[in-house]
Structures are given as C-alpha cells and as structure tokens.
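Novice: missing the sequence, but the structure's below:
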C-alpha cells in the first residue's frame, strides 16, 4: 500500500512516539525524527528547539529522493541507509519498511555501530506498527464505503434550486 496520504491512529501514534523515544535513549542521540517520504515530520524526540524541523524533514526526504536516483543509475533499487559524518554531529538516515524515513542525529558520545544496531531494532518495531495502521486503514475503508453520505441524494438540480429561489 502506498502511504501517499498517511493516516495515523491515536494508539499507533503513541506507539510510534514511544519507539522514537526508546531509540533516542538507547542511542544516546541528540535527536530522532520520523519523516514521511513527502518530507512531513511525523514524530521527533530530543533537543529540537534549535533545529528547523520543517527544513530538516523536507531536506531528508529530498536526500532520500536524490540518492534513490543515484541508486537507479548504478542498477540498485534504493540505498536504504545513509550516513553523514560531520566534525561534531553525525546523521544516520534509514528507510523503514519502504514507508517512512528514520533520522538519528548523534555525536561522539555514541558509536555508529550502536546506532545501526538500535535503528535496526527500532525499524522492526516501526514496521509492525505501520503494518497495523495499514490493516486498520484497509478495514476502515470497507466500512466507509458502506456508510452512505448524507449528501449522496442531493442532485445538481437541488443545488441550482437553492440559488434560484
């Protein structure tokens, strides 16, 4: 299922936030973000006050799109993990379940190996959560189709009559 229009339910959103917070703590990260592939921030945990989270989310999605183009040029489907090493801070970016992007910003207080291990564990948890969301969306889509809209019986003539009287 394509998540062009991501629907989050309160229960699963809470679980996503718990998974993000757990990853933040286990990695000793500065910030952990979850972003959709359109660049919309879904969840964040950590020291976000000094960050432009909107720009970070959209630039991360753009980075994934650009490296996806590079991957195709060399015959790969995608690069599921990206790592950027800075002088002080580092960014680990991974695609989770081909649905969302998980971003961990950390410094030398944490090791890349630890971040990779914890991201893998968190990704598995997030995939399970998004699978449940997908199932709920499919189940609710069937229910929505059976519920008739109160406007279904209004015709164009009815609308025209409202404005001509």
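Specialist: Arrived safely, thanks for sending. Nothing here was measured: the structure is a model prediction, and the numbers come from that model.

Novice: going forward, measure contacts between C-alpha atoms and count neighbours the same way
Specialist: Noted.

Novice: In this structure, where's the longest helix?
Specialist: Of all the elements of type helix in the chain, the one with the most residues (DSSP state H) is helix 112-146.

Novice: helices or strands up against that one?
Specialist: Where contact means 3 or more C-alpha pairs under 8 Å, 6 or more residues apart in numbering; DSSP states H and E, helix 112-146 is packed against helix 10-27, strand 89-96.

Novice: Next secondary structure element downstream of that helix?
Specialist: Remark: after helix 112-146, the chain's next helix or strand is helix 156-164, criterion DSSP states H and E.

Novice: Quick one: mean pLDDT over that next one.
Specialist: For helix 156-164, mean pLDDT is 74.

Novice: Quick one: distance of it to the chain centre.
Specialist: Between the centre of helix 156-164 and the centre of its host chain there is 44 Å, according to C-alpha atoms, centre = their mean, to the nearest Å.

Novice: next one: stretch 125-140
Specialist: In terms of C-alpha atoms, centre = their mean, the centre of stretch 125-140 is set 13 Å apart from its chain centre.

Novice: With stretch 41-48 instead?
Specialist: Stretch 41-48 has its average C-alpha position 11 Å from the chain's average C-alpha position, going by C-alpha atoms, centre = their mean.

Novice: Need the residues that contact stretch 116-127.
Specialist: 16, 19, 20, 23, 26, 27, 92, 96, 97 (C-alpha atoms under 8 Å, 6 or more residues apart in numbering).

Novice: number of nearby residues for the nearest residue to the last one once chain neighbours are set aside?
Specialist: Counting by C-alpha to C-alpha, 6 or more residues apart in numbering, residue 127 is the residue found nearest to residue 97 once chain neighbours are left out, at 5.6 Å. Residues within reach of residue 127, counting by other C-alpha atoms under 10 Å, total 16.

Novice: Then residue 44?
Specialist: There are 21 residues near residue 44, going by other C-alpha under 10 Å.

Novice: go on, residue 34?
Specialist: Burial of residue 34 is recorded as 26 neighbouring residues (other C-alpha under 10 Å).

Novice: what phi and what psi does the backbone show at residue 46?
Specialist: Dihedral angles of residue 46 (phi, psi; degrees, to the nearest 10) stand at phi 120, psi -160.

Novice: and it, what is it in contact with?
Specialist: With the criterion set at C-alpha under 8 Å, 6+ apart, residue 46 makes contact with 21, 24, 29, 30, 31, 32.
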